[in-house]
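Visitor: I need the structure of the sequence given here:
(3 chains)
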Amino acid sequence: MAPKEMTVGEAAAALGLDAVGDLNVVIRGVATPAAAREDQLALAMDPKYLPGLREGAARAAVTPPDTDPVEYSLQAAIYAPRARFAMAGVTALFAKDRRKPAGAHPSAIIEEGAEVDPTASVGPYAIISAGARVGANVQLAAHCFVGEGAEIGRDCLFHPGVRVGHDVKIGQRCIVHSNAVIGADGFSFVTPEPGSVESAREKGVVVEGAENRVWVRIASLGAVVVGDDVEIGAGSTIDRGTVADTRIGDGVKIDNMVQIGHNVVVGENSLLCGQSGLAGSTEVGARVVLGGQSGVGDHSKLGDDVVVMGASGVSGVIASRSVIGGTPAIPREEIAKQLLSLRRLPRALEELAKLKNRFSRNEPSG
Amino acid sequence: MAPKEMTVGEAAAALGLDAVGDLNVVIRGVATPAAAREDQLALAMDPKYLPGLREGAARAAVTPPDTDPVEYSLQAAIYAPRARFAMAGVTALFAKDRRKPAGAHPSAIIEEGAEVDPTASVGPYAIISAGARVGANVQLAAHCFVGEGAEIGRDCLFHPGVRVGHDVKIGQRCIVHSNAVIGADGFSFVTPEPGSVESAREKGVVVEGAENRVWVRIASLGAVVVGDDVEIGAGSTIDRGTVADTRIGDGVKIDNMVQIGHNVVVGENSLLCGQSGLAGSTEVGARVVLGGQSGVGDHSKLGDDVVVMGASGVSGVIASRSVIGGTPAIPREEIAKQLLSLRRLPRALEELAKLKNRFSRNEPSG
Amino acid sequence: MAPKEMTVGEAAAALGLDAVGDLNVVIRGVATPAAAREDQLALAMDPKYLPGLREGAARAAVTPPDTDPVEYSLQAAIYAPRARFAMAGVTALFAKDRRKPAGAHPSAIIEEGAEVDPTASVGPYAIISAGARVGANVQLAAHCFVGEGAEIGRDCLFHPGVRVGHDVKIGQRCIVHSNAVIGADGFSFVTPEPGSVESAREKGVVVEGAENRVWVRIASLGAVVVGDDVEIGAGSTIDRGTVADTRIGDGVKIDNMVQIGHNVVVGENSLLCGQSGLAGSTEVGARVVLGGQSGVGDHSKLGDDVVVMGASGVSGVIASRSVIGGTPAIPREEIAKQLLSLRRLPRALEELAKLKNRFSRNEPSG
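Guide: Numbers count the residues shown, from 1 in each chain, chains lettered A, B, ... in the order given. The predicted model follows:
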């Protein structure tokens, strides 16, 4: 398939950005400044990438506003006042359309009683179970499994190997990456008598008789409900609820290998970075950001607009707009203070010992 | 399929719990108190959920003992002295039977020399390799792969996309969730001469010549042996042993995305929460609980009934019944003390500085 | 299949090691000392395993140099000066050849325009998309998916359920374990105006108007390029680059459940242990070792031969040969000092308080 082709002027118009120079220069893709070929639009929105333009062959680039194209041997420049945001527009403009034609591959299994919209594409060896519904324009790739009674809203894109459990509901325009699992059973076990964790919490120790000699399973009667415009990363797992459903709000973005436990509720537009985890029954507000490898303990409650720094361990109730980090997570400015103090600590201990000595020497005896 | 239907009296009898009020009230499912419909049993075992009963339409509920049904507009109540344990019984009572009929789907591949019990169900596009054995009543879902010579005991339930390596042995009544991988090769490499990690451990630095210029692979000749009544979460991975087998004891419960390295031995009834990890050659005793995102370094040894708090990094030898947390993990009461001290530290450093100043002023000069 | 059979002398010759005693003793496999049968080579390279030889029935063992076979009831011993390195040789020697015959299983789908070398083996229900290329002697197991235009170099081994995205390039002799995902989209979103994370970074708080009300997606136009002799663990995920490719150097070894973000570059022979993660746009030098569950923040830069201890959180620029740990990661000797100080801190605070008291008492009033 031929790459997309457009003029600098057309690209600028599509991006809603200003352009200077020869707007008729033709571009057939994008590249980093130093690697760009003559017909590629070099991406140099960040000033630190401008010098790279001289190494590459690009005739046109996206640059910070007011950059002089001539200074970087360009014939044209598109001005991007917000670099990262321009990146979204530019990459969308040049992304290849990889949609497969409508219809099910002959090897796909669509069980009796499943409803698949005729505009949907179902890949080879995919399985859609009885009672499941797949909406218009859905792209369901190879090896996907959709359980009984599950629903996938229109315009969703599922990459190969996604597993959707029975009765899971997924909204519109969601993107789910390979090998994600939506709707496994919750991890929920109980001992007939209070067990070691309960003992440790209440008494600080594992008392005699509090050993976990028997685990009884709590079944998951709830499902998972995923809103619209949600993205779920490769290998991520979202467990079903115990009685009510686990709920992922509209616009939530979930990176790779994120674990979301049973009964969790995630508010709209929250962003969960790679390898983060939400333990069972946790509630997360809207627009919360979880940094990579951060975790939230069970039954915690985070307000709106909370920012959790990477590698943090959060638990309890966290107020809206908090910026927190560390384990256990505390406000960012507290961490900074503690880290600084900690760095000074070895020396401070020496000073303390000295002071004690000097004081003892000076102190009147008796 | 119609939901299960039973009277309050029948449910109480099945649960072994006392009930009061009209035991003939019919229930057709369970729900949270506020969301319950007229024919649903509301789950209000925790006193904090009782007020919710007034918002819902339930005529019957599971409540703490001695709750007056009339006070919450109920016609009947089942008394649960231990809330979470009652949850296990109630959810089991109303869980839908999702077993597929015996027999292999026409698209399943059962290689020559594999033995599949006629009462087992093998889903579409599942593969059972030569020499593998699948026991009675096993439910093996779509897209599962069972390697050569592997054994799966009776009454196991495998969700879609599980991968079982050659010669892996899995006991009876195990549940394995989607995309788990049991029996990948161990991660085991060695440099011909001592490498950077060895140098760092012994000398604190990476000395000249200790760079890892060549990695030589150690093959995994062992398998994985999983006991009875084990549950393994979605996306979890258990590697095979180098010479002996990696061993998971009876009754062990493993959450999603848990990583278990080669040669690891996990004692019976241990509970490994989400995203926790056990590095190679670690031994874990019976009834150990690993909190979410906790990790145990290679060649460590944990006794029985150890409780590891979430997000902790454990290494070395840990005595039975220890309750530990932090990185490196230390006893729970030590952490509490350290955290408190740390919080006081910035101020203490100021005080120390002041004291030093005052002391210097007061100290006889010369 | 019969196990491999060889004499002690043949084994020693193959391993390039010295042997003593009766070199004609026949061995048909390896085992741990205590569990070894008469015809198995016991692995007792570490002195601590020598006593176990008396419990087992082995007639031959691999031992530390100068071990007297007779002392451990052996007829022969192979001397291993470097225990772990000998393990690589021995396990390779006895590893069973599990290669499948060349050719595609009848159920494999090889799309029009894909090129599969006739010596490659393609397993049941595997899918090779249009334009993909699979090299000589490749072993591609069941349920694997290879996207459009992807390339897999000769002699690679792919276990069941691996997903390879379009245009991903994988070198020669790579081993990829079950359910790994190579080439999912990067996790890259931007708000039209500066959002909560930017606000938190710059101002320490989430200011009004900096809420993430809209996420705009940055598409991934780049691919993933994996070098030669790379191993990728079960369930690991490597995302494609935004404009340039994500790059994994020759000889890199990646454990299970490792997450590698978009645009990341990993230098040759680096070793990434289980559940570690590299956030987007991070650059890692050659021969770097990441301990288990460690993470590196986005846009970080690690030099060559860096050793990151397990469970650490790294960010920023890290000099070559650094040995670091903790979160945020600092040099190993600093951590040791801080941990020691921290342990002393509770007592030091008491001493400080006492000193303050005594000083106040002694200080001249007024």
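Visitor: can we go C-alpha only for contacts and neighbour counts from here?
Guide: Noted.
Visitor: How about chain A: which residue is closest to chain C?
Guide: Here the residue of chain A nearest chain C is A:Ala88; by CA to the nearest CA that distance is 4.0 Å.
Visitor: Could you name the specific helix or strand carrying that residue?
Guide: helix A:83-94 (DSSP states H and E).
Visitor: which residues sit against the next helix or strand after that helix?
Guide: As assigned by DSSP H and E, the chain's next helix or strand after helix A:83-94 is strand A:103-104. Under the criterion CA atoms under 8 Å, 6 or more residues apart in numbering or on different chains, residues A:Pro118, A:Thr119, A:Ala120, A:Ser121, A:Val122, A:Gly123, A:Pro124 lie in contact with strand A:103-104.
Visitor: do that again at 6 Å, thanks
Guide: With contacts defined as CA atoms under 6 Å, 6 or more residues apart in numbering or on different chains, strand A:103-104 is touched by A:Ala120, A:Ser121, A:Val122.
Visitor: average pLDDT for that strand?
Guide: For strand A:103-104, mean pLDDT is 98.
Visitor: Give me the pLDDT for A:Ser365.
Guide: pLDDT recorded at A:Ser365 is 53.
Visitor: Next to chain C in this structure, residues from the stretch 151-300 of chain A, please.
Guide: Residues of the stretch 151-300 of chain A found near chain C (CA under 6 Å from any CA of the partner chain) are A:Asp255, A:Arg287.
Visitor: now the helices for the stretch 151-300 of chain A?
Guide: Taking DSSP state H, counting those that start in this stretch, the helices of the stretch 151-300 of chain A run over residues A:196-203.
Visitor: For the contacts of strand A:103-104, pick the one with the most neighbours.
Guide: Counting neighbours by other CA atoms under 10 Å in any protein chain shown, A:Val122 leads the contacts of strand A:103-104 with 31 neighbours.
Visitor: Was I right to think that one contacts A:Val138?
Guide: No: under the criterion of CA atoms under 6 Å, A:Val122 makes no contact with A:Val138, lying 8.1 Å away.
Visitor: burial measure for the residue of chain A found nearest chain B, as a count.
Guide: Nearest residue of chain A to chain B: A:Ile218, at 4.1 Å (CA to the nearest CA). Counted with other CA under 10 Å, residues neighbouring A:Ile218 total 23.
Visitor: Output the below-cut-off pLDDT ranges for the stretch 1-150 of chain A.
Guide: Scanning the stretch 1-150 of chain A for pLDDT under 70 picks out the ranges A:1-3.
Visitor: And for the helix holding A:Ala88, what's in contact with it?
Guide: With CA under 6 Å, 6+ apart as the test, helix A:83-94 has contacts from A:Leu15, A:Met45, A:Ala80, C:Val190, C:Pro192, C:Arg217, C:Ile218, C:Ala219.
Visitor: Flag every residue of chain A that's near chain B.
Guide: Near chain B, when you scan chain A using CA under 6 Å from any CA, you find A:Phe187, A:Val190, A:Pro192, A:Val206, A:Asn212, A:Arg217, A:Ile218, A:Ala219, A:Val243, A:Ser341.
Visitor: among those, which are in strands?
Guide: Of those, the ones assigned to strands by DSSP state E are A:Val190, A:Arg217.
Visitor: Between which two of the residues of chain A next to chain B is the distance greatest?
Guide: A:Ala219 and A:Ser341 (47.7 Å; CA to CA).
Visitor: what about those two, which has more around it?
Guide: Remark: of A:Ala219 and A:Ser341, A:Ala219 carries more neighbours, 25 against 21, as counted by other CA under 10 Å.
Visitor: Just give the nearest non-adjacent residue to that one, would you?
Guide: Nearest non-adjacent residue to A:Ala219, counting by CA to CA, 6 or more residues apart in numbering or on different chains: B:Thr91, 5.2 Å away.
Visitor: same check, this time on A:Ala244
Guide: A:Gly222 (4.9 Å).
Visitor: That neighbour: neighbour count?
Guide: Other residues lying near A:Gly222 total 24 when counted by other CA under 10 Å.
Visitor: what does the one 3 residues further on give?
Guide: For A:Val225, the number of neighbouring residues by other CA under 10 Å comes to 23.
Visitor: swap in the one 3 residues further on?
Guide: The local packing count at A:Asp228 equals 20, with neighbours defined by other CA under 10 Å.
Visitor: Same check on A:Thr67?
Guide: Under the criterion other CA under 10 Å, the count of neighbours that A:Thr67 has is 17.
Visitor: One more: the one 4 residues further on?
Guide: When neighbours are defined as other CA under 10 Å, A:Glu71 has 11 of them.
Visitor: Checking it next. Helix, strand or coil?
Guide: With DSSP: H, G, I helix; E, B strand; the rest coil as the basis, A:Glu71 sits in helix.
Visitor: can you point me to the longest helix in chain A?
Guide: Longest among the helix segments of chain A by residue count, using DSSP state H, is helix A:332-362.
Visitor: what sits against A:Val314?
Guide: Residues near A:Val314 by CA under 6 Å, 6+ apart: A:Val296, A:Pro328, A:Ala329.
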